[in-house]
Each structure stands twice: as C-alpha cells, then as structure tokens.
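1. Can you look at this prediction? I've put the sequence above it.
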Amino acid sequence: MLFDTHAHLNADQFSEDLEDVISRAQDTGVSTIVVVGFDRPTIKRAIELADKYEFIYASVGWHPVDAIDMTEGDLKWIEELSAHPKVVALGEMGLDYYWDKSPKDIQKEVFRKQIKLAKKVKLPIVIHNREATADVMEILKEEGAEEVGGIMHCFSGSPEIAKECVNMNFYISLGGPVTFKNAKKPKEVAAEIPLEKLLIETDCPYLAPHPFRGKRNEPSYVKLVAEEIAEIKGISFAEIAEVTTRNAKKLFDIK
C-alpha cells in the first residue's frame, strides 16, 4: 500500500472529478493521503476532506508566499485546528524566495511563529523551501525544530543538505521530479538517503511524474515515484511501498 504524504486535493483543479481521482488512487493501491492546507480556503477544504474520507488526513499551516496575509487570528485558528483528530501536522510552512509577494522578513517571522506553535501543540511540520535553503536551515536550527521533526517536502536540494536534515529529525520526501530524466539531485538523494528516512508524495496537482510531466498530477501517480526510487535503490517496489508507508504512519502517528 502507498502513502501520498502531500496532496492538494483541496485545489480547484479537482473540483470537477474529485471522486474519480480518489477512486483511481485507491485502485492503484494508495491507502492514505495527507491533504495540505496553506491558507484559509485550502485549510477549510482539507478539514472537510479529512472529515469525509476515512483514509484522508490533513496538515494545516500558512504558505510563505502568502505570509503577508497571515494574521494573529489565523495563527490562533491553526492552533485550534491542531486539536482536530485528523490533523496530523502543521504546514506547509517555510520560505519561498522565487515569488516576491511576501517580503523575506515577514516570511521568516511567520515561519518562526509556526515552528513555535508546532512545538507547543506537539505536531511535526511540513517544510516548503524554494530557493531559500540557507535561511530555512538556519531558522530550523535556531527554533529547535528537531524537537518535533517533520518533512522536507518535495526535496530538491543536495544529498549533503538532505543528510543534514535527517540529522535534525526530518524525513526527506520525494515527488514527481525524481522521475525526470534530467533530475540529477533528486536521484542522488534517493540513492544516498537511508530508506527509513524517505517518504513519497505527489504535491498534486503540481509536478506530475514522467510520463505525465506538464499535466495535472494526482495521488495515483505516487506509484510512479515509488517505482523510480525502487529502481534507483535496487530494491523491490513492494519494499519501497511498505517502508515509506510505515515511515509516514510513524511520523504522523497514524495507527
């Protein structure tokens, strides 16, 4: 059975055919999905989906691109939702220096506040990092994020940074890019990171794996990610599926 640790089934791209998408996921052997909310509308929808489907869980947090919009009321709301029985993590949170909607200092402040909250409510965190590795690592260290640990979501950095993250109590999650023919770093990370610290995800509807690159991604495609990692590591698909599912259930404390 497969575990998609990061999906956005709460996105508008799934508004027309969500039931079909979920059916395909189940038919492909996807047993569990974490739907990630990152602002008011997507958090609300993530909770609705977790309430409706037994095998769907939610992660709630505030995306760095929208950090400028987050209020103290939003943070309080996330804290309240953290007590929901199907909220298994806080995030996605982090830093994004690719888009310039939110100034860096505000992104950093919102990131630090969410790490502090995660430590207070004792939940792991889901990290979004785009072109901001040095600052992300610095903040994780300064805020003592290893106390709760979490996921480096859709990891795109070097094996060296991945190992540093593992030493800080974080799992490395790989998605569609590991299947791209020119994706040198994700393939190196897949080869070098111990199996017990790896997770798989789709980040759907984004970053669809080969041969669907450029099209809408969906949870059933997480099987292609698992198959690619199995080939890179020279082990069976069944072992990758079993271990990454076990890792995810351990991290998210899903019995």
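-> Structure received.
2. so after the lengthiest helix in the chain, what's the next helix or strand?
-> Ordering each helix of the chain by length in residues (DSSP state H) puts helix 104-121 first. Under the assignment DSSP states H and E, the closest C-terminal helix or strand after helix 104-121 is strand 125-130.
3. CA-only coordinates of that next one, as PDB, when you get a sec.
-> Presented in PDB, the C-alpha positions along strand 125-130 are these (Å, rounded to 0.1, in the frame of the first residue of the first chain):
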ATOM      1  CA  ILE A 125       6.000  20.300  10.500                       C
ATOM      2  CA  VAL A 126       5.900  20.200   6.700                       C
ATOM      3  CA  ILE A 127       8.600  22.400   5.100                       C
ATOM      4  CA  HIS A 128       8.300  24.300   1.900                       C
ATOM      5  CA  ASN A 129      11.700  25.600   0.600                       C
ATOM      6  CA  ARG A 130      12.100  27.300  -2.700                       C
END
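4. Following that strand in sequence, what is the next regular element?
-> Heading C-terminal from strand 125-130 (DSSP H and E), you reach helix 133-142.
5. Now find how far off-centre the next helix-or-strand element following that following helix is within its chain.
-> Using DSSP H and E, the helix or strand that directly follows helix 133-142 along the chain is strand 150-152. Taking CA atoms, centre = their mean, to the nearest Å, one finds strand 150-152 lying 7 Å from the centre of the chain it belongs to.
6. So what are the sheet partners of strand 150-152 and their directions?
-> strand 125-130 (parallel), strand 170-174 (parallel) (DSSP bridges).
7. In JSON lines, list those strands along with mean neighbour count, mean pLDDT and distance to Leu49.
-> All C-beta atoms are positioned from the backbone trio N, CA, C, and that covers glycine. Listed next are the strands paired with strand 150-152 as JSON lines, based on neighbours: other CB atoms under 10 Å; pLDDT from 0 to 100; distance: least, CB to CB, whole Å:
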{"stretch": "strand 125-130", "mean neighbour count": "25", "mean pLDDT": "98", "distance to Leu49": "16"}
{"stretch": "strand 170-174", "mean neighbour count": "26", "mean pLDDT": "98", "distance to Leu49": "20"}
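8. Dump the C-alpha coordinates for the longest helix of the chain into PDB.
-> What follows is helix 104-121, C-alpha atoms only, in PDB (Å, rounded to 0.1, in the frame of the first residue of the first chain):
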ATOM      1  CA  LYS A 104      11.600  37.900   3.300                       C
ATOM      2  CA  ASP A 105      11.500  39.300   6.900                       C
ATOM      3  CA  ILE A 106       7.700  38.700   7.100                       C
ATOM      4  CA  GLN A 107       8.100  35.100   5.700                       C
ATOM      5  CA  LYS A 108      10.800  34.400   8.300                       C
ATOM      6  CA  GLU A 109       8.600  35.800  11.100                       C
ATOM      7  CA  VAL A 110       5.600  33.700  10.100                       C
ATOM      8  CA  PHE A 111       7.800  30.600   9.700                       C
ATOM      9  CA  ARG A 112       9.200  31.100  13.200                       C
ATOM     10  CA  LYS A 113       5.700  31.600  14.700                       C
ATOM     11  CA  GLN A 114       4.500  28.300  13.100                       C
ATOM     12  CA  ILE A 115       7.500  26.300  14.400                       C
ATOM     13  CA  LYS A 116       6.900  27.700  17.900                       C
ATOM     14  CA  LEU A 117       3.200  26.700  17.600                       C
ATOM     15  CA  ALA A 118       4.100  23.200  16.400                       C
ATOM     16  CA  LYS A 119       6.400  22.700  19.500                       C
ATOM     17  CA  LYS A 120       3.500  23.900  21.700                       C
ATOM     18  CA  VAL A 121       0.900  21.500  20.200                       C
END
